[in-house]
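Asker: Coordinates only, no sequence provided:
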């Protein structure tokens with residue numbers, strides 16, 4: 001038996017199915033037009049299309065109204081089933097209820113964000129969504145692919161070059177500070193450009209803003225005395241707090257570490273380009289209720305904080321996400 005190719009089958013317009021049901025129920029073109037909110041000429045045009053598509057008159061005029069043909073009587077049950085399925089499809093939406101959800105979210109971030117952002121996220125989630133689990137993974141070159149595939153739900157940080165098909169939403173601005181030992185023998189309340197050149201430094205070779213520091217040093221033809229390089233922020237407070245090394249890093253992580261470990265925060269004398277911490281996600285998950293909830297949490301916690309100390313200076317209006325599709 002030869003099967004007909006589905007690509008060759010003309011699917012009925014749902015409006016015609018609704019007309020079929022209305023005419024069968026009312027037996028009147030006028031009443032069907034009223035029920036569907038259409039003019040009688042439009043209903044007549046639709047009925048002509050329906051008759052052509054189904055190759056049958058379907059309804060015959062009589063003194064009692066529009067009477068269905070045997071083919072119409074045979075098809076009405078199927079037509080109503082299809083309409084009901086279309087209604088269910090239109091209404092189908094899996095809402096996300098954080099109070100009952102059992103879900104794991106994966107967020108790409110730097111290890112600095114483990115200190116500055118993750119505690120607030122986790123505290124909020126533990127308070128309002130006890131069944132939700134968080135996995136933090138490193139932000140890097142593979143992050144766009146992970147967002148697209150769904151391996152990661154969100155990225156928090158600074159990504160200078162992101163593929164089309166992603167959304168981004170600004171959270172808060174960042175500039176740069178220096179950290180020093182609170183008992184540093186030569187550095188007190190400020191660090192000058194001369195001090196900056198003279199002192200030995202500890203550099204962090206990770207983080208999405210690291211390249212900005214490297215670019216600034218190259219542009220200003222400055223070579224630092226780097227006594228130590230670290231792959232992340234984990235050991236930085238202990239190093240700065242027990243030596244005379246200077247660390248240069250984004251303000252949010254710098255002020256957070258200084259607050260917890262008693263370090264001195266100084267305005268950086270080197271002109272380094274600032275950047276904006278953002279959240280990123282792929283367009284595939286833009287309308288996903290669970291993803292929307294997670295992004296809403298991050299926007300509520302962090303969006304547009306003026307990061308000057310460990311406090312909020314106000315709560316400006318939230319900015320809409322920007323689509324990188326175009």
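Answerer: Yes, it's here. Please read these numbers as outputs of a predicted model, since none were measured by experiment. Residues are numbered from 1 along each chain as shown.

Asker: A helix includes residue 183, no?
Answerer: No. Applying DSSP: H, G, I helix; E, B strand; the rest coil, one finds residue 183 to be coil, outside a helix.

Asker: Can you show me the strands along this protein?
Answerer: Ranges of strands in the chain, per DSSP state E, are 59-62, 65-68, 103-109, 132-138, 154-157, 166-174, 176-180, 200-204, 225-230, 246-250, 264-267, 275-282, 322-323.

Asker: residue ranges with poor pLDDT in this structure?
Answerer: For the chain, applying pLDDT under 70 flags the ranges 1-9, 93, 207-208, 304-326.

Asker: remind me, longest helix of it?
Answerer: The helix that spans the most residues within the chain, counting by DSSP state H, is helix 70-91.

Asker: Run the chain-centre distance for that helix.
Answerer: 38 Å (Cα atoms, centre = their mean, to the nearest Å).

Asker: for stretch 193-202, same thing?
Answerer: On the basis of Cα atoms, centre = their mean, stretch 193-202 sits 40 Å off its chain's mean C-alpha point.

Asker: Same check on stretch 68-86?
Answerer: Here stretch 68-86 is found 43 Å from its chain centre; the criterion is Cα atoms, centre = their mean.

Asker: buried residues in it?
Answerer: Residues 68, 72, 75, 76, 79 are the ones in stretch 68-86 that count as buried (16 or more other Cβ atoms under 10 Å). No exception for glycine: its C-beta is placed from N, CA and C like everyone else's.

Asker: And for stretch 135-151?
Answerer: Buried residues in stretch 135-151, defined by neighbour count with 16+ other Cβ under 10 Å: 136, 139, 143, 144, 146, 147, 148.

Asker: Same list (the residues you listed) but as TSV, adding distance to residue 88.
Answerer: What follows is the buried residues of stretch 135-151, written out as TSV (distance: Cβ to Cβ, whole Å):
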residue	distance to residue 88
136	38
139	40
143	37
144	35
146	33
147	31
148	30
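
Asker: out of the residues you listed, what pair is the most spread apart?
Answerer: Using Cβ to Cβ, the buried residues of stretch 135-151 span at most 19.2 Å, a distance reached by 136 and 148.

Asker: Residue 39 touches residue 29, doesn't it?
Answerer: No. Between residue 39 and residue 29 there is no contact under Cβ atoms under 8 Å: 10.7 Å.

Asker: Those two: who's more crowded?
Answerer: residue 29 (19 against 10; other Cβ atoms under 10 Å).
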